[in-house]
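>>> Build me a model from this:
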Amino acid sequence: MAGLLDNFRWPECECCELGEKRNLIASIAAGTLFFTGWWIIIDAAAQYDNDAMNHAVHACGAVATVAFFMINSISNGHIRGDSYNEGCFGPLAGKIWLLAGFILQFGSLIASMWILFQVYVVPHVQNPYPGVAVFLQNAFIFFATMVFKFGRTEELWD
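Okay, here's the model as predicted:
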């Protein structure tokens with residue numbers, strides 16, 4: 001039963017084969033998602049004062065941005081040990097760095113959900129848009145990170 005899907009292959013679609021444009025499309029999509037997330041939170045910060053939206057909630061987006069750069073600064077070849085395996089920044093240090101980036105990324109996403117529900121949804125605030133904006137910012141940065149990390153080929157790094 002464990003090898004049930006070992007020989008299964010998805011049907012190949014020639015019309016959707018990106019080839020050399022895969023890195024370009026993934027980079028543009030990730031940049032658009034990242035920009036959209038920051039645009040939403042800047043819009044909310046400009047509309048609402050400190051009473052409706054405490055500006056300390058911007059820390060979630062800042063942590064997510066740092067995690068975006070942490071995750072995407074490590075290549076898959078570095079994790080596998082193909083490109084660099086000497087010194088203190090070998091595959092183990094790359095894996096620890098990547099794990100720290102994912103922890104920060106998921107932590108900021110969970111913190112934005114907590115801010116949305118604890119501050120805006122549960123107390124039945126009249127306008128919960130600032131909390132939704134904080135969550136959307138972190139969700140868009142999260143998806144931009146995943147698209148940029150896993151949507152590209154490794155030809156840029158190796």
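
>>> Every contact and neighbour count from this point should use C-alpha atoms.
Noted.

>>> tell me what the helix or strand Ile115 falls within is packed against?
Here Ile115 sits within helix 91-115, counting by DSSP states H and E. Judged by 3 or more CA pairs under 8 Å, 6 or more residues apart in numbering; DSSP states H and E, helix 91-115 is in contact with helix 58-72, helix 76-80, helix 129-150.

>>> Give me the neighbour count for Trp119.
If you look again at residue 119, you'll see it is Val, not Trp. Using other CA atoms under 10 Å, Val119 is surrounded by 17 other residues.

>>> Quick test: name the residue nearest the centre of the protein.
Centrality entry for the chain: nearest residue to the mean C-alpha point is Phe142, 2.4 Å, by CA atoms, centre = their mean.

>>> now the closest residue to Lys95 other than its chain neighbours: how far from Ser27?
Distance criterion CA to CA, 6 or more residues apart in numbering; nearest residue to Lys95, sequence neighbours excluded, is Ile79 at 5.9 Å. Distance of Ile79 to Ser27, given as CA to CA, to the nearest Å: 21 Å.

>>> what does Gln126 give?
Counting by CA to CA, the gap from Gln126 to Ser27 is 38 Å.

>>> So the two - more neighbours on which side?
Ser27 (18 against 9).

>>> The more buried one is in contact with Phe148, isn't it?
Yes. Using CA atoms under 8 Å as the test, Ser27 is close enough to Phe148 to be in contact (6.0 Å).

>>> so who does the nearest residue in space to Met70 that is not next to it in sequence touch?
For Met70, ignoring the flanking residues on the chain, the nearest one in space by CA to CA, 6+ apart is Gly101 at 5.3 Å. By CA atoms under 8 Å, 6 or more residues apart in numbering, the contact list for Gly101 reads 66-68, 70-71.

>>> Just the buried subset of these, written out for ChimeraX, thanks.
Of the contacts of Gly101, the buried ones go into a single ChimeraX selection, burial set by 16 or more other CA atoms under 10 Å:
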select :67,68,70,71
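
>>> Find the pair from the contacts of Gly101 with maximum spatial separation.
By the measure CA to CA, Val66 and Ile71 form the most distant pair in these, at 8.7 Å.

>>> okay, now the residue nearest to Lys95: neighbour count?
Neighbours of Ile79 (other CA under 10 Å): 20.

>>> Please tell me how far it sits from Gly90.
8 Å.

>>> before we move on, the earlier item: what mean pLDDT does the helix holding Ile115 get?
Mean per-residue pLDDT for helix 91-115: 94.

>>> and the angle from that helix to helix 58-72?
For helix 91-115 against helix 58-72, the angle by axes from the mean of the first three to the mean of the last three CA atoms, to 10 degrees is 150 degrees.

>>> Perfect, that will be all.
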